[in-house]
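Structure of the sequence below:
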Amino acid sequence: MMKSTIVKTLMVCIGLVTALACTDQKKEINYPKTDLAQVALIPKPLKVVPTNSAFGLDNKTVIFTNQNAKGFKEVGEFLATKIASRLKFTVPVNTSTDESVERIIYINQTDTLASDSPEAYQLYIKNDSVLLNARTAAGAFRGIQTLRQLIPEHSNDTLAEQPMWLIPTGKISDAPNFEYRGAMLDVARHFFTVEEVKKYIDILAYYKYNAFHMHLTDDQGWRIEIKSWPKLTEVGGKTEVGGEEGGFYTQDEFKDLVAYAAERHIQIIPEVDMPGHTNAASLSYPILNGNGKALKPYTGTRVGFSTFDAKKDTVYAFLDDVIREIAAISPSPYFHIGGDESHATKKNDYILFVEKVEKLVQKHGKTMVGWNEISQAKIDPSSVNQFWNEPHNALVAAENGNKIIMSPAKKAYLDMKYDTLSKHGLNWAAYIPVNDAYNWDPETYVEGLSKESILGIEAPLWSETISNSFELEYLAFPRAIGYAELGWTPAAQRDWADYKNRLVGQVPYMNYMDINFYRTNLIDWGD
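As a prediction, the model looks like this:
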């Protein structure tokens, strides 16, 4: 039985659903004044109300969660794990009989938030309690990312008997601007290991991303095991750009990635690019080939030369199997069919192909996503168009009722170089310095496209010039941090001068995670 006065006090507060209105029964500790509004949070929350004191996180803190709401216990355990790995002490979750407990973090399910977003949350931080209210476990998980950012790098209370990390007090009310906030990684041009992908997912989760799009197939490699067509990985999985040995994910490894992402409330969206970008597949099974040319392994970076045979029944039987097997191990409602740069496919064949594949995707219970070229076909309004280079296709799709994912190459492609000094990346779309990556608005980028038609934003990272985490992180960070804010925070609350100062505040986390971020001279990093 819990005997701590503070536990009893907070439970009364939670019952009234108003922690800030409760009167502490304990004598308040005279903490140093701390301003919640000055903490460098990214993405920037909707509303912050500081009360200029502090909650002392230490080994006398416990975490309790709503145990009747799905996923809340796991959110509390995730937070405890992160505290233990960083601060080197254990915070119990949903268990304590220790008289010395002085402070509590309570993760609570509620339906009374102002926002109806499933990812909305509220944080009430007092001297001796933190109350996190959320409608869903996903909202609670976003809230604990904010709480993690509020924990200072070092313990900073010289008055305490033990190390204590002071978290500023006040209230944060928050919700995302877009329901879809994604990043894409091309594992086909260069293969990335399970551990490399997991590290990227970890960082994305910290900044409240909720979607991770995996570009699993291309001319240079096929990266996902298909048991009914084993040569896809036996042959197509053995190459990559530059001629190095490729690799692939077994279905068990892919399921492991899916589960790992799901623990962080991120869905993995699989992409099988077609009818172009298909040399690796056709090399594995030449009956699929539609360009009439001799096939050989491809390790270059040219695009647009390959195609499936859009008029051959065998191709659709093959794709039925591929989509079926991947859909069975992919809980995401989406299945991405690619559809870009199919220059070797005749237009009528391309339209036929997209329309037939859409039906296969739907047959296996998924919603089709494709690059913006798919709007040339007559597609179902439920399908999603990913805009990358042709505004008119996005407008056509919106007119058809399709939702749009905003990924303009000139602004959101993480594989573009920062500037002429960049060690990695390309520049065919643009140079994208950190300020240009931040200073655009997904809601107004395509003239005539309404916000209601926009599902969200995604930052793709193509891998022609990168082959490991060190190089991946160079291109992704810090730009991916800015894209997180573009997806979460409304335009009216975004400001470059304010953002770049908050970005400097992310350096301790990036150093802790050993992120090889690009130290652009546009930011005063303080060193």
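
Tell me who's in contact with the closest residue to G71 other than its chain neighbours.
In space, G71 comes closest to A137 once its chain neighbours are excluded; the distance is 2.8 Å by Cβ to Cβ, 6 or more residues apart in numbering. In this view, the C-beta of every residue, glycine as well, is placed from N, C-alpha and C. By Cβ atoms under 8 Å, 6 or more residues apart in numbering, A137 lies in contact with A69, K70, G71, F72, E74, V75, H265.

measure A137 to Q251 for me?
Look at A137 and Q251: by Cβ to Cβ, to the nearest Å, they are 26 Å apart.

Dump stretch 296-314 to CSV, keeping only the CA atoms.
As requested, the backbone C-alpha atoms of stretch 296-314 are provided in CSV (Å, rounded to 0.1, in the frame of the first residue of the first chain):
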residue,chain,number,x,y,z
LYS,A,296,22.3,-7.2,-65.8
PRO,A,297,23.0,-6.0,-62.2
TYR,A,298,22.9,-2.3,-61.9
THR,A,299,25.1,-0.4,-59.5
GLY,A,300,24.9,3.1,-60.9
THR,A,301,22.5,6.0,-60.2
ARG,A,302,20.7,6.7,-63.5
VAL,A,303,16.9,6.4,-63.3
GLY,A,304,14.0,5.8,-65.8
PHE,A,305,15.4,2.9,-67.8
SER,A,306,13.5,-0.1,-66.3
THR,A,307,9.9,-1.2,-66.3
PHE,A,308,7.6,-4.1,-65.6
ASP,A,309,5.5,-5.4,-68.5
ALA,A,310,2.2,-3.8,-67.7
LYS,A,311,0.3,-6.1,-70.1
LYS,A,312,1.5,-9.4,-68.7
ASP,A,313,-0.7,-11.4,-66.3
THR,A,314,2.4,-12.9,-64.7
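
in that stretch, what's buried?
Neighbour counts over stretch 296-314 (16 or more other Cβ atoms under 10 Å) mark P297, Y298, T299, V303, F305, S306, T307, F308, D309, A310 as buried.

what does the host helix or strand of L283 contact?
In the assignment (DSSP states H and E), L283 maps to helix 279-284. Outside helix 279-284, the residues that touch it by Cβ under 8 Å, 6+ apart are 188, 217-222, 229, 231-232, 234-237, 239, 274, 288-290, 295-298, 305-306, 308.

switch the cut-off to 7 Å
217-222, 231-232, 235-236, 288-289, 295, 297-298, 306 (Cβ atoms under 7 Å, 6 or more residues apart in numbering).

How about stretch 325-336?
Contacts with stretch 325-336, where a contact means Cβ under 7 Å, 6+ apart, come from 213, 224, 226-228, 251, 254-255, 258, 267-271, 323, 361, 364-370, 384.

Out of those, list just those in helices.
Using DSSP state H, the subset of those located in helices is Q251, F254, K255, V258, I323, V361.

can you list the weak-confidence ranges in the chain?
1-33, 97-98, 157-160 (pLDDT under 70).

Could I get the buried residues of stretch 296-314 in JSON lines, plus columns for secondary structure and distance to K347?
Shown next, in JSON lines, are those (DSSP: H, G, I helix; E, B strand; the rest coil; distance: Cβ to Cβ, whole Å):
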{"residue": "P297", "secondary structure": "coil", "distance to K347": "29"}
{"residue": "Y298", "secondary structure": "coil", "distance to K347": "24"}
{"residue": "T299", "secondary structure": "coil", "distance to K347": "29"}
{"residue": "V303", "secondary structure": "coil", "distance to K347": "17"}
{"residue": "F305", "secondary structure": "coil", "distance to K347": "17"}
{"residue": "S306", "secondary structure": "coil", "distance to K347": "16"}
{"residue": "T307", "secondary structure": "coil", "distance to K347": "12"}
{"residue": "F308", "secondary structure": "strand", "distance to K347": "15"}
{"residue": "D309", "secondary structure": "coil", "distance to K347": "15"}
{"residue": "A310", "secondary structure": "coil", "distance to K347": "11"}
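
Leaving aside the residues adjacent along the chain, what's closest to T193?
Using Cβ to Cβ, 6+ apart and skipping residues adjacent in sequence, the residue nearest T193 is G247, 7.5 Å away.

partners of T217 in the sheet?
Using DSSP bridges, the bridge partners assigned to T217 are W222.

Hmm, R189 and it touching each other?
No - with contact defined as Cβ atoms under 7 Å, T217 does not reach R189; the gap is 10.6 Å.

Look at those two and report which has more neighbours.
Taking other Cβ atoms under 10 Å, T217 and R189 do not tie; T217 has more neighbours (28 against 24).

Extract the C-alpha trace of the helix or strand containing Y499 and format it as CSV.
Assigned by DSSP H and E, Y499 belongs to helix 496-504. The C-alpha trace of helix 496-504 is given here as CSV (Å, rounded to 0.1, in the frame of the first residue of the first chain):
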residue,chain,number,x,y,z
TRP,A,496,13.5,31.2,-37.9
ALA,A,497,15.3,33.4,-35.5
ASP,A,498,13.6,31.7,-32.6
TYR,A,499,14.0,28.3,-34.0
LYS,A,500,17.8,28.5,-34.6
ASN,A,501,18.3,29.4,-31.0
ARG,A,502,16.2,26.4,-29.9
LEU,A,503,18.1,24.2,-32.3
VAL,A,504,21.3,25.0,-30.4
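
how about the strands of the stretch 301-450 of the chain, start to end?
According to DSSP state E, counting those that start in this stretch, the stretch 301-450 of the chain carries its strands in the segments 334-338, 367-371, 384-387, 403-406.

Dump those into TSV; add mean neighbour count and distance to L414 as well.
Listed next are these as TSV, based on neighbours: other Cβ atoms under 10 Å; distance: least, Cβ to Cβ, whole Å:
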stretch	mean neighbour count	distance to L414
strand 334-338	25	17
strand 367-371	25	16
strand 384-387	26	15
strand 403-406	26	14
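
Indicate which one of these is closest to F470.
strand 334-338 (27.0 Å; Cβ to Cβ).

Start from the N-terminal end of the stretch 101-250 of the chain and give the strands.
Ranges of strands within the stretch 101-250 of the chain are 103-109, 121-125, 129-134, 165-174, 180-186, 211-215, 217-218, 221-222, based on DSSP E, counting those that start in this stretch.

now these as CSV including distance to A476?
As requested, those are exported to CSV (distance: least, Cβ to Cβ, whole Å):
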stretch, distance to A476
strand 103-109, 30
strand 121-125, 26
strand 129-134, 28
strand 165-174, 24
strand 180-186, 8
strand 211-215, 12
strand 217-218, 19
strand 221-222, 20
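
Of these, which is nearest D498?
strand 165-174 (16.6 Å).

Against which helices or strands is that closest one packed?
For strand 165-174, the elements it packs on are strand 47-57, strand 121-125, helix 137-150, judged by 3 or more Cβ pairs under 7 Å, 6 or more residues apart in numbering; DSSP states H and E.

Nearest to P442, out of the ones you listed?
Short answer: helix 137-150, nearest of the helices and strands packed on strand 165-174 by Cβ to Cβ, at 19.1 Å.

Perfect, that will be all.
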